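Peer 1: here you go, sequence then predicted model.
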Amino acid sequence: MAWEITAIVFICLLPITIFFTFYFTKKLIERQIKKNPPISEQQIRAMFQSMGRKPSEAQIRNTMNALKGKNRQTYKKRK
């Protein structure tokens, strides 16, 4: 009798646990990507140099801001 109650409780709590784990993990990853974009200024410099250009600080900042703005728009679309 006790194992039946345990099985019923487990079956009831499993979907709830899966949902909350998925939800909070998704929010945590989105927050981390928003704070730490996957591309850095050094990578942008290397990209410009590989194209044969000498980037100015303004160009690098414009590129970073464009990427951050694009990320913000994709997050707004998801919500």
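Peer 2: Cool, got the structure.
Peer 1: name the helix or strand for residue 34, please.
Peer 2: Per DSSP states H and E: residue 34 is located in helix 2-35.
Peer 1: break this structure down into its domains, please.
Peer 2: Under the assignment automatic domain parsing, the domains of the chain span 1-36, 38-79.
Peer 1: columns mean pLDDT and mean neighbour count on top of the ones you listed, output as CSV?
Peer 2: Backbone N, C-alpha and C define where each C-beta goes, glycine included. What follows is the domains of the chain, written out as CSV (pLDDT from 0 to 100; neighbours: other Cβ atoms under 10 Å):
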stretch, mean pLDDT, mean neighbour count
domain 1-36, 93, 10
domain 38-79, 81, 11
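Peer 1: got the contact list for the helix or strand that the helix holding residue 34 is followed by?
Peer 2: Next helix or strand after helix 2-35 toward the C-terminus (DSSP H and E): helix 41-50. When contacts are defined by Cβ atoms under 8 Å, 6 or more residues apart in numbering, helix 41-50 is touched by residues 54, 55, 59, 60, 63, 64.
Peer 1: please redo it, this time with the cut-off set to 7 Å
Peer 2: In this structure, residues lying in contact with helix 41-50 by Cβ atoms under 7 Å, 6 or more residues apart in numbering are 55, 60, 63, 64.
Peer 1: export it as PDB, just CAs?
Peer 2: Extracted in PDB, the C-alpha atoms of helix 41-50 (Å, rounded to 0.1, in the frame of the first residue of the first chain):
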ATOM      1  CA  GLU A  41      35.400  42.900 -29.000                       C
ATOM      2  CA  GLN A  42      38.600  41.000 -29.700                       C
ATOM      3  CA  GLN A  43      36.700  38.600 -32.000                       C
ATOM      4  CA  ILE A  44      35.200  41.600 -33.900                       C
ATOM      5  CA  ARG A  45      38.700  43.100 -34.300                       C
ATOM      6  CA  ALA A  46      39.900  39.700 -35.700                       C
ATOM      7  CA  MET A  47      37.000  39.600 -38.000                       C
ATOM      8  CA  PHE A  48      37.700  43.100 -39.400                       C
ATOM      9  CA  GLN A  49      41.500  42.300 -39.700                       C
ATOM     10  CA  SER A  50      40.700  39.000 -41.600                       C
END
